[in-house]
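Peer 1: sequence unknown, structure follows:
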């Protein structure tokens, strides 16, 4: 993987070789935190109610897509707090940008510009799309 300018947003992660579905792309370094902990990152992965995983290595540059080619598997671990892996969900070819669906809860939804044919217009869990208050994103004018 390498970090370069992205056509989706800012910088992104691109494959330096081909990956097949279910193949592990990267082991993720991160920090497990719980509701009530002092953190300054709203882009953490949800593990379960009240428990989150903040990616602290280059994998944090993986962009969102409503049509992702990868996913992130996070599992609590007694020794390490949590373990995470980026896994291909479909074939990824060398040079292709690696993306996963951030699936934010409706309260944290943000406008999406991923460019996918099936773009939801918001970075939000598909099941919570109807709960997004789109009026909070409209420009006054």
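Peer 2: Here it is on my side, so go on. All values derive from a computational prediction rather than experimental measurement.
Peer 1: residues in contact with residue 93?
Peer 2: Contact analysis of residue 93 by C-beta atoms under 8 Å, 6 or more residues apart in numbering lists 15, 18. C-beta: built from backbone N, CA, C; applies to glycine.
Peer 1: So it versus residue 16, what's the distance?
Peer 2: 11 Å (C-beta to C-beta, to the nearest Å).
Peer 1: for residue 92, same thing?
Peer 2: Distance of residue 92 to residue 16, computed by C-beta to C-beta: 11 Å.
Peer 1: And the two? Which one has more around it.
Peer 2: Neighbour tally, residue 92 and residue 16, criterion other C-beta atoms under 10 Å: the higher count belongs to residue 92, 22 against 10.
Peer 1: Excluding sequence neighbours, find me the nearest residue to the residue nearest the centre of the chain.
Peer 2: For the chain, residue 102 is the residue whose C-alpha lies nearest the centre (C-alpha atoms, centre = their mean; 3.6 Å). Sequence neighbours aside, residue 64 is the residue nearest to residue 102 in space, at 4.2 Å (criterion: C-beta to C-beta, 6 or more residues apart in numbering).
Peer 1: can you pull up the bridge partners for the one you found?
Peer 2: Here residue 64 sits in beta bridges with residue 100, going by DSSP bridges.
Peer 1: Next, work out how far apart it and residue 110 are.
Peer 2: For residue 64, the distance to residue 110 (C-beta to C-beta) stands at 9 Å.
Peer 1: before we move on, what about residue 57?
Peer 2: As judged by C-beta to C-beta, residue 57 and residue 110 stand 23 Å apart.
Peer 1: Residue 17 too?
Peer 2: Distance of residue 17 to residue 110, computed by C-beta to C-beta: 31 Å.
Peer 1: before we move on, what about residue 91?
Peer 2: 28 Å.
Peer 1: And residue 136, by the same measure?
Peer 2: Residue 136 is 10 Å from residue 110, where distance means C-beta to C-beta.
Peer 1: Among the two, which residue is more densely surrounded?
Peer 2: Neighbours were counted for residue 136 and for residue 110 using other C-beta under 10 Å; residue 110 has more, 14 against 7.
Peer 1: what's the closest non-adjacent residue to the more buried one?
Peer 2: The shortest distance from residue 110 to any non-neighbouring residue, by C-beta to C-beta, 6+ apart, is to residue 123 (4.8 Å).
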